[in-house]
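*Asks:* need a 3D model of the sequence below.
(one chain, ligands or ions: 2)
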Amino acid sequence: MQTSITDTNNPAIAEADAILRSCVHCGFCTATCPTYQLLGSELDSPRGRIYLIKEMLETGQATDKTRLHLDRCLTCRSCETTCPSGVRYGRLIDIGREIVEEYAPRPLGEKLLRRAMLAFIPHTSRMSLLLSAARIARPLLPKNLKSKLPARQKPTITPATSHARRMLALSGCVQPLTAPNTNAAAARVLDKLGISLITAQKAGCCGALNQHLSDAEGARSMMRNNIDTWWPHIENGIEAIVMTASGCGLMVKEYGHALKDDADYAEKAARISELTLDLSEVISHENIDSLSNIGHGTLVACQSSCTLQHGQKLSGKVEAILQRCGYELTQVADSHLCCGAAGTYTLTQPELSERLLNNKLAALQTGQPEIIATANVGCQLHLASKASVPVVHWIELLEPK
Ligand code: SF4
Ligand code: SF4
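*Replies:* Ligands and ions are numbered 1, 2, ... in the order given. Next up, the predicted model:
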C-alpha cells in the first residue's frame, strides 16, 4: 500500500508507516475478524481500520467515528494469523489508538471510565478493595455486573522451592485475586516434574492493560518495574520466566520491542522476552508420562485464547497436553474467534462483548463438555460468568481430583 505520511520523525509514526506499506489490501483478514462478522461493516474490519489509521496519519486529523471503529477492535490479532503478507496489525492498532486520543479527544464520561480502569485494575491492592466492596454490595448491583463478579476462591498450598531447576512466575494483577489456584496449581505440577516456581513479590501488572488503553508510558513503567524485580533472579540463573496467563505472556514476550529505544533497559528487556515461555511451552517439553491417566476420559472443551493462538502462535499446545493426560476433547467450532473478554472490552464495549460471549459459549458447549479449559484469566472469568459447566485454567486439570 502506498502512503504519504510526512511526520516520520516520530518513531511510532515511522513504524506505523512501515506496517501500512506491508499491507496489500487483499482483504483476506476480513473473513476471520469477529467484529466484521458481527457488524458487517468494512470499517469494523482489519482492512477498514488500516485505512482509517492511514488516513489519520496522512491528514493529521481524526473524528469520533475514527475512534469508535478503533475502539471496537478486540486486539485479538486473528487478522494477523490470516494475513498472507505478515502485516503487524496488533502493533499498528496500538499506535493508532495512542494517536487518535490526541486527534479526537474522548467525551468526559469515557475519559473518566478509562482513568478509573487504569487506577484500579492493574493495582492488586486497590482492586482487592474494590472487589471486596462490590461483593458486599452484590445484592444492589445491576444483573449484568452481578454476573461478572468472580466467585471467591480460597488460596491453595504451594510447595517449598527446593529443586535445583528454578523458574520465575508472574502473579500479575487480577489473577491472584480472582483465580489464585492457577499459579498454585502450576507450582505443584512443576514441583512434581522437578522444577521450583518462584514468585518475585514486587513484580506487578505486565503492562498489557495500560498498553491497550493507550497509556504506553504507563505500560513501559510497569515493564521497567518487572525487569528490575526479575533481574537479580536472572543473574542467579533461573531457567525461564513462566507465564500462566497467555495475555501477560504475550505482553512480556514483547518487552524487548516495547523498550528497544530505552538505552537503560533495551538489553535487559530483550533478555527477559527471550526467557519468557507460556506454561504450555514448559510442560510440553517435560516428561509427563506420570500424568497420562489423570483425565480418565473426562470430556473437555478447550478455549484457545487469542493471545495464545494468534499472539504467541501456540495453537494446539494446550490441547495436545490435555490429550496426553487422558482427557477427551470436544470439537469446538470457530475456535479462532475471540470470546469477547479482550482486556477491558467487557466494560468498554459491553454489547459486542456479550454477543461474542454467547457465540463462544454456544460453540464450546455444543459437544456437552464436563469442563471448559482456558489459558487466560480474562477469558476464564468472562466465560465463567455465563457458562453452564465449570471453567478452569488447564493446568488445574493436571492435578488429581
Ligand atoms: S490480509 Fe493482510 S495484506 Fe490483506 S488486507 Fe488484511 S492486513 Fe492487508
Ligand atoms: S484484531 Fe481482531 S477485532 Fe481487531 S481487526 Fe484484527 S481480527 Fe478484527
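
*Asks:* residues contacting Ser22?
*Replies:* 1, 85-88 (C-beta atoms under 8 Å, 6 or more residues apart in numbering). The C-beta positions use only the backbone N, C-alpha and C, and glycine is treated the same way.

*Asks:* top of those residues by neighbour count?
*Replies:* The most neighbours of any of these, using other C-beta atoms under 10 Å, belong to Val87, which has 24 neighbours.

*Asks:* let me know the pLDDT of that residue.
*Replies:* Looking at Val87, its pLDDT reads 98.

*Asks:* hmm, it is touching Ile19, no?
*Replies:* Yes: if you go by C-beta atoms under 8 Å, Val87 and Ile19 touch, sitting 6.3 Å apart.

*Asks:* so of the contacts of Ser22, which ones are in strands?
*Replies:* Using DSSP state E, no member of the contacts of Ser22 sits in strands.

*Asks:* mind checking how far stretch 40-53 is from the chain centre?
*Replies:* Going by C-alpha atoms, centre = their mean, to the nearest Å, the spacing between the C-alpha centre of stretch 40-53 and its chain's C-alpha centre is 22 Å.

*Asks:* do the same with stretch 276-295
*Replies:* Centre to centre, stretch against its chain (C-alpha atoms, centre = their mean), the figure for stretch 276-295 is 21 Å.

*Asks:* do the same with stretch 219-232
*Replies:* The chain centroid and the centroid of stretch 219-232 are separated by 18 Å under C-alpha atoms, centre = their mean.

*Asks:* could you number the chain from 37 rather than 1 from now on?
*Replies:* From this message on, residue numbering opens at 37, which makes the last subject stretch 255-268.

*Asks:* so what touches it?
*Replies:* Residues contacting stretch 255-268 (C-beta under 8 Å, 6+ apart): 158, 204, 206, 236-247, 277, 288, 291, 294-295, 298, 301, 304-305, 308.

*Asks:* 10 Å - rerun?
*Replies:* Residues outside stretch 255-268 that contact it (C-beta atoms under 10 Å, 6 or more residues apart in numbering): 130, 158, 204, 206, 209, 236-249, 251, 270, 274, 277, 284, 287-288, 290-291, 294-295, 298, 300-301, 304-305, 307-308, 311-312.

*Asks:* considering only the contacts of Ser58, which also neighbour ligand 1?
*Replies:* Among the contacts of Ser58, proximity to ligand 1 is found for 121, 123 (C-beta under 6 Å from any ligand atom).
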